[in-house]
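In: predicted model and sequence below, questions to follow.
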Amino acid sequence: MDFTEEQIKRYARHIILPEVGGEGQEKLLSSKVLLIGAGGLGAPCGLYLGAAGIGTLGIADFDTVDLSNLQRQIWHGNKDVGRYKVDSAKDSIERITPDVKVITYKEKISSDNIQELIADYDVIIDATDNFPTRYLINDACHFYGKPLVYGSIFRFDGQATVFLPDNGPCYRCLFPSPPPAGLVPSCQEAGVLGVLPGVIGAIQANEAIKIILGIGTTLNGRLLIYDALDMKFTEMKLRQDKTCPLCGENPTVVELIEYEELCEFKA
Amino acid sequence: MAEYNSELDIKGEICPFTFVRSKLALEKINQGEILRIIVDYEPAIRNVPRSMEEQGHKVVSINKINDTDYEIIVEKNGLKK
Amino acid sequence: MAIIVRIPTPLRTLTGGKSEVDAAGTNILEIINDLEKTYPGIKERICEKNDQVRRFVNVYLNDEDIRFIDNNDSKVEDGDTISIIPAIAGGTSEKKKFYLNYPQEVIKDPLIYLIGKNYNIITNIRSASISNDIGIIALEVEGEQTDIEKAIKFLESKGVSVEPIVLDIIE
């Protein structure tokens, strides 16, 4: 593939890097990434992936933009309030570059449609905000062999890691089951510093790009913990759990299940 | 004049795009082959060779070829042997 | 013997806002019990009634998950750092607006009362047009996203069509 004059200028700073080069940029331009969640994590992640020239960027979110999103979901603006988040996201990517084919999905992700949704993509990014969808994405990526870049935030705390298929660990090795509904912080307790998803979402974009290029060392096997209040990054070992219900020796989750009910189980 | 396998004329181009285009041209030739780069932007005869060597390519020679132009002769991965 | 325990933000309400606290003990359970003495209520956020660490909380001794050492019996020494890392999902309470289009047979049913009561969401009717054979309500709901989704499912199961209000016409 030959770059256009515009692409040579646009991606000059990538091409200069020995680890990327023209060959790496071609890989990015022919890669397909699915971003699930077009909110706080999805915004910085999607913007950087778009700017990096990810050839096909799928964005899945059934939600619409609310004024209270704008404190952190930086690809939506005032004029987007009330629009579908994926439409607003597509516009903001297209404002940056003509190189990225943005495919939007407005359906809610479920056990019924996730296989078809992720099938075409090289890397899946979990930028969601709730436990049922996170377990659904994790399980589907395990069953269908997709690398998954995980990021999560709450108040001032962020977490990020990479789950690779066949190679464990998975999200269930980290947290075997979600909190029961009553122990999830109530509405009044919830909240998030607007910058926090910016930091974690950008890390997710970075990891996705590294996976596509096959460079560096990803967070696979390490859980990155970010404390925005103390400004501390720490990392924990993340091991495959032999007793993991999904990828362990005697799995109990052998197909996609009903995830909405998952959070109501008593621990 | 040196032997070369391929030639890149980027007169009119300035840094860092002189290096960007040189690097893209190098990616298209085989290891050990020689690329001749022609530039007319004087700082490029220092910047391009320095960047080439940083990335493992051997700068065989740099020559002024007329009043305005220079050639930079580079061997792909020549420093990685 | 002083051990440093790192407290995640959700539990800092119990430690007076402190992100790191000292605790004493020779193994993880002793440390947790010592924390409970100083910061009552913290143990039940970390452990089940049988003292086992909850499945959606991980406790790390330095950088190793205690499940891969010796669980609560994992030995701790002076200078060790213990981190408590809960599962987080990023949920924030949001307000959403929907048009509810009632089929005739359920117009008289108290569906909005039921979703508020059963799914713990705040409901606020912003406009409505109800007659004997048509019912359209613009409803604003506030709550956890998963609860809102359950409420929508419930309404749809009753035959109500639920459409997000895409244009912000009722502000």
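Out: Yep, that arrived.
In: does C:Phe98 touch C:Ile165 like I think?
Out: Yes - with the criterion set as Cβ atoms under 8 Å, C:Phe98 and C:Ile165 qualify as a contacting pair; they are 6.2 Å apart. In this view, the C-beta of every residue, glycine as well, is placed from N, C-alpha and C.
In: between those two, which has more neighbouring residues?
Out: For C:Phe98 and C:Ile165, the more surrounded residue by other Cβ atoms under 10 Å in any protein chain shown is C:Phe98, and the numbers stand at 22 against 18.
In: return the set of buried residues in the helix or strand encompassing the more buried one.
Out: Mapping C:Phe98 onto the secondary structure by DSSP states H and E places it in strand C:94-102. Buried residues in strand C:94-102, defined by neighbour count with 16 or more other Cβ atoms under 10 Å in any protein chain shown: C:94, C:96-100, C:102.
In: likewise stretch C:3-15?
Out: By neighbour count, with 16+ other Cβ under 10 Å as the criterion, the buried positions of stretch C:3-15 are C:3, C:5-12, C:14-15.
In: go on, stretch A:250-262?
Out: A:253, A:256, A:259-260, A:262.
In: assumed B:Asn30 was part of a helix.
Out: No - with DSSP: H, G, I helix; E, B strand; the rest coil as the criterion, B:Asn30 is assigned coil and is not in a helix.
In: burial measure for C:Glu77, as a count.
Out: Look at C:Glu77: counted by other Cβ under 10 Å, it has 9 neighbours.
In: helix, strand, or coil at it?
Out: Reduced to three states by three-state DSSP, C:Glu77 is coil.
In: what pLDDT is listed against it?
Out: In this prediction, C:Glu77 carries a pLDDT score of 95.
In: equivalent analysis for the one 10 residues further on, please.
Out: The predicted structure scores C:Ala87 at 92 on the pLDDT scale.
In: ok, B:Asp9 touching B:Asp40?
Out: No - applying Cβ under 8 Å, one finds B:Asp9 not in contact with B:Asp40, separated by 9.5 Å.
In: quick one: which of the two has more around it?
Out: Neighbours were counted for B:Asp9 and for B:Asp40 using other Cβ under 10 Å; B:Asp40 has more, 18 against 14.
In: which residue packs closest to the more buried one, ignoring adjacent ones?
Out: Nearest residue to B:Asp40, sequence neighbours excluded (Cβ to Cβ, 6 or more residues apart in numbering or on different chains): B:Lys11, at 4.3 Å.
In: residue contacts, that neighbour?
Out: Applying Cβ atoms under 8 Å, 6 or more residues apart in numbering or on different chains, one finds that B:Lys11 lies in contact with B:38-40, B:68-69.
In: ok, which stretches of chain C are strands?
Out: Counting by DSSP state E, chain C forms strands over residues C:3-6, C:20-23, C:57-61, C:64-65, C:81-86, C:94-102, C:122-130, C:135-143, C:161-164, given from the N-terminal end onward.
In: any idea how far the first one is from the middle of the chain?
Out: I take that to be strand C:3-6. Its chain's C-alpha centre and that of strand C:3-6 lie 25 Å apart, by Cα atoms, centre = their mean, to the nearest Å.
In: name every strand pairing with it and say which way it goes.
Out: Looking at strand C:3-6 with DSSP bridges, its partner strands are strand C:20-23 (antiparallel), strand C:81-86 (parallel).
In: so in chain C, which helix runs the longest?
Out: With residue count as the measure and DSSP state H as the assignment, chain C has helix C:145-157 as its longest helix.
In: what residues sit buried inside it?
Out: For helix C:145-157, burial by neighbour count (16+ other Cβ under 10 Å) applies to C:145-152, C:154-155.
In: over to A:Thr161: give its phi and psi.
Out: The phi/psi pair for A:Thr161 (degrees, to the nearest 10) reads phi -160, psi 180.
In: so what pairs up with it in the strands?
Out: In this structure, A:Thr161 bridges to A:Tyr150 when assessed by DSSP bridges.
In: need the contact list for it.
Out: Contacts for A:Thr161 were tallied using Cβ under 8 Å, 6+ apart; they are A:150, A:174, A:219-220, A:222-224, A:238.
In: same deal with C:Lys158?
Out: With contacts defined as Cβ under 8 Å, 6+ apart, the neighbours of C:Lys158 are C:106, C:109, C:111.
In: would you mind measuring from it to chain A?
Out: The span separating C:Lys158 from chain A equals 17 Å under the rule Cβ to the nearest Cβ, to the nearest Å.
In: which residue, other than its chain neighbours, is closest to A:Ile257?
Out: Taking Cβ to Cβ, 6+ apart, and ignoring the residues beside it in sequence, A:Ile257 has A:Ser111 as its nearest neighbour in space, at 6.8 Å.
In: related to what we said a few turns ago, considering only the buried residues of helix C:145-157, which also neighbour chain B?
Out: Intersecting the buried residues of helix C:145-157 with the contacts of chain B gives an empty set (criterion: Cβ under 8 Å from any Cβ of the partner chain).
In: now these as JSON lines including pLDDT and distance to A:Glu107?
Out: Conversion of the buried residues of helix C:145-157 to JSON lines gives the following (pLDDT from 0 to 100; distance: Cβ to Cβ, whole Å):
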{"residue": "C:Gln145", "pLDDT": "70", "distance to A:Glu107": "16"}
{"residue": "C:Thr146", "pLDDT": "74", "distance to A:Glu107": "17"}
{"residue": "C:Asp147", "pLDDT": "81", "distance to A:Glu107": "20"}
{"residue": "C:Ile148", "pLDDT": "84", "distance to A:Glu107": "16"}
{"residue": "C:Glu149", "pLDDT": "82", "distance to A:Glu107": "13"}
{"residue": "C:Lys150", "pLDDT": "86", "distance to A:Glu107": "17"}
{"residue": "C:Ala151", "pLDDT": "90", "distance to A:Glu107": "19"}
{"residue": "C:Ile152", "pLDDT": "89", "distance to A:Glu107": "14"}
{"residue": "C:Phe154", "pLDDT": "92", "distance to A:Glu107": "19"}
{"residue": "C:Leu155", "pLDDT": "92", "distance to A:Glu107": "18"}
